[in-house]
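**Q** Fold the following for me, if possible:
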Amino acid sequence: MRKLAKITIFTGVGLLGLILIAVVMISAFVIKRPTTIPELADVKPYKWNKMNLGGNVISSDGSEYFLWNKKGENNNWIIFFSGGGASWDAKSAAHPIKLMNFITGGDTGNYFPGIPFYMLSLLQGMMDTDNPANPFHGWNVVYLPYTTGDFHIGNHNAEYSKEDGTPFTMHYNGSNNVRSSLDWIYANVNNPGKLLIAGESAGGFGSAFWAKEIASHYKDSEIYQYSDSSFLQSDKWPNVVDQEWHADFTKTFGYKAEPDIIGAAFTANGHLLPANAVLLQSYSLFDEVLIHFQNKINDYSGPQNQQNIDAWSQQMRTSVRTLAASLPNYYYYLTDYGLDKEKGTTSHTFATRDTFYQAEQDGIKLLNWLGDAVNHHKRYSVGSKFLEK
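**A** Numbering: from 1, shown residues only. Here you go, the predicted model:
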């Protein structure tokens, strides 16, 4: 009976895997592809379009890199930096995110090595600009995919070896990809009324790093910079950004990388961006993905217990508290929405997920907080009670 049960279990898992693979293969043909266009003026609103770029653009695995754009019906723009993990050394670079990892139930991996064919189907939340409930309804969007594991700032072809000794090249090419993307943006986006420079997870770092460069090009626009779910603290960052990614960080961005690298970016943006620029952050209080990655980066291999979870959360809250006390145009949204009481964690990111419409804290929905700040000049922070703990 036990042998039969094992056979049944393994057969069921195998069938499930085959079903998932079949669904993915079918989806590859069913999912609507973006249209490749030569001129932005030629496109219809609310349709994703693929923008081919000139210059030295490439994904970390050597595959094609490009932009996505969705035209709106007004003169407001979102420049959105995608998230998707990180690579900080040879070991992490050797384990990219692969679809098969999800199917087999193993570690999903550390970063996207190329632009997944299914990525557009995952973009919801504030990317649904044709949704009247979205505070950014009618806005234009430029979406920068993230395929280089370097927070969109690297400039190095690193020669690594896998555990079995197989050599491979990791293209930390985020800086070139962003600069070519900005060339396209500057050529096609003229004088936005409002400009939201945003990103989630790793893209939240990227949007904060590149905000000064972008804002300097649009001096007559209302500037907002928003990072969703972007806190990873590590003493390794100063070395990683320059020795692994070759970002030449201080020269490129005008300030030093610090262990709280997102805090350093927001602190610097407080005086590097125009005086009326508004800085915004949102966090899930016990973000399971960020905790997982911070443990990896800091070589912690112990259990993800409540003590470990609380330690990350307290570090994040200390960062937010410091920014709130020092920056006049900084506002935050902290929430324990969706807390899994059994695991003690909350989910990761809001900006491009359905939770953008659902998340609520102290009677205030996240999308209303963000919409009030950007559209109504009504700015406030949410979740201040969490900073008292």
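**Q** List the residue ranges of this protein that fall below the pLDDT cut-off.
**A** 1-42, 101-106, 389 (pLDDT under 70).
**Q** let's see it at 90
**A** Applying pLDDT under 90 to the chain flags the ranges 1-44, 54-55, 98-108, 301-304, 389.
**Q** Show me the strands in this structure, by range?
**A** For the chain, the strands defined by DSSP state E cover 35-36, 48-51, 67-70, 77-81, 140-144, 156-161, 167-172, 194-200, 222-228, 278-284, 330-335, 360-361, 364-365.
**Q** Relative to residue 324, which of the ones you listed is closest?
**A** strand 330-335 (6.0 Å; Cβ to Cβ). Glycine gets a C-beta too; all of them are placed from N, C-alpha and C.
**Q** which parts of that closest one are buried?
**A** 330, 331, 332, 333, 334, 335 (16 or more other Cβ atoms under 10 Å).
**Q** can you check stretch 229-241 too?
**A** Here stretch 229-241 shows 229, 230, 231, 232, 233, 234, 236, 237, 238, 240, 241 as buried, counting by 16+ other Cβ under 10 Å.
**Q** mind listing which of those residues are in helices?
**A** Among the buried residues of stretch 229-241, the members found in helices (DSSP state H) are 237, 238.
**Q** Find the residue at the geometric middle of the chain.
**A** The centre of the chain sits closest to residue 83, judged by Cα atoms, centre = their mean, with a distance of 2.5 Å.
**Q** For that residue, which non-adjacent residue is spatially closest?
**A** Leaving aside its sequence neighbours, residue 83 sits nearest to residue 201 (Cβ to Cβ, 6 or more residues apart in numbering; 2.9 Å).
**Q** doesn't residue 349 make contact with that neighbour?
**A** Yes - taking contacts as Cβ atoms under 8 Å, residue 201 lies within contact range of residue 349: 5.6 Å.
**Q** out of those two, which sits in the busier spot?
**A** residue 201 (29 against 23; other Cβ atoms under 10 Å).
**Q** What is the neighbour count of residue 120?
**A** Neighbouring residues of residue 120 were enumerated by other Cβ under 10 Å; the total is 19.
**Q** ugh, typo on my part, it should be residue 107
**A** Neighbour count of residue 107, defined by other Cβ under 10 Å: 11.
**Q** Repeat that for residue 308.
**A** So residue 308, with other Cβ under 10 Å, has 16 neighbours.
**Q** returning to what we had before: pull the contacting residues for the residue nearest to residue 83.
**A** The neighbours of residue 201, taking Cβ atoms under 8 Å, 6 or more residues apart in numbering as the test, are 83, 84, 85, 228, 229, 230, 289, 290, 348, 349.
**Q** The residues you listed: which two are farthest apart?
**A** The widest separation within the contacts of residue 201 (Cβ to Cβ) is 15.2 Å, between 85 and 228.
**Q** show me what contacts residue 221?
**A** Residue 221 touches 191, 192, 193, 194, 195, 215, counting by Cβ under 8 Å, 6+ apart.
**Q** distance of the second one from residue 222?
**A** Using Cβ to Cβ, to the nearest Å, residue 192 is found at 8 Å from residue 222.
**Q** Comparing these two, which residue is more hemmed in?
**A** Each of residue 192 and residue 222 has its neighbours counted (other Cβ under 10 Å); residue 192 has more, 20 against 17.
**Q** ok, back up a step: and for residue 201 and residue 349, which residues touch both?
**A** With Cβ under 8 Å, 6+ apart, residue 201 and residue 349 have common neighbours 83, 228, 229, 289.
**Q** nearest spatial neighbour of the last one, skipping sequence neighbours?
**A** This means residue 289. residue 348 is the one closest to residue 289 (Cβ to Cβ, 6+ apart), at 3.6 Å.
**Q** What are the boundaries of the helices in the stretch 1-150 of the chain?
**A** 2-30, 90-93, 99-104, 119-122 (DSSP state H, counting those that start in this stretch).
**Q** Please name the nearest non-neighbouring residue to residue 261.
**A** residue 237 (4.7 Å).
**Q** Was I right to think that neighbour contacts residue 263?
**A** No - here residue 237 does not reach residue 263: they are 10.9 Å apart, not a contact under Cβ under 8 Å.
**Q** okay, now the residue lying closest to residue 264 once chain neighbours are set aside: neighbour count?
**A** Counting by Cβ to Cβ, 6+ apart, residue 264 lies nearest to residue 258, which is 4.1 Å off, once chain neighbours are set aside. For residue 258, the neighbour count with other Cβ under 10 Å is 16.
**Q** swap in residue 94?
**A** For residue 94, the neighbour count with other Cβ under 10 Å is 18.
**Q** Residue 165 too?
**A** For residue 165, the count of nearby residues is 6 (other Cβ under 10 Å).
**Q** Quickly note the distance from it to residue 93.
**A** Distance, residue 165 to residue 93, using Cβ to Cβ: 15 Å.
**Q** Next, the distance between the ends of stretch 181-198.
**A** With Cα to Cα, to the nearest Å as the measure, stretch 181-198 spans 15 Å from end to end.
**Q** And that stretch, what's buried?
**A** With burial defined by 16+ other Cβ under 10 Å, the residues of stretch 181-198 counted as buried are 181, 182, 184, 185, 189, 192, 194, 195, 196, 197, 198.
**Q** now the residues you listed as TSV including distance to residue 312?
**A** Listed next are the buried residues of stretch 181-198 as TSV, based on distance: Cβ to Cβ, whole Å:
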residue	distance to residue 312
181	31
182	33
184	37
185	34
189	37
192	36
194	33
195	32
196	27
197	26
198	23
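**Q** Tell me the one of those nearest residue 321?
**A** Among the buried residues of stretch 181-198, and counting by Cβ to Cβ, the member closest to residue 321 is residue 198, at 22.6 Å.
**Q** Can you tell me how far the closest one is from residue 143?
**A** Distance from residue 198 to residue 143, by Cβ to Cβ: 10 Å.
**Q** joint contacts of the two?
**A** Contacts common to residue 198 and residue 143, judged by Cβ under 8 Å, 6+ apart, are residue 80.
**Q** okay, now residue 380: neighbour count?
**A** Close neighbours of residue 380, defined as other Cβ under 10 Å, add up to 12.
**Q** Who are the contact partners of it?
**A** For residue 380, the contacting residues are 331, 369, 372, 373, by Cβ under 8 Å, 6+ apart.
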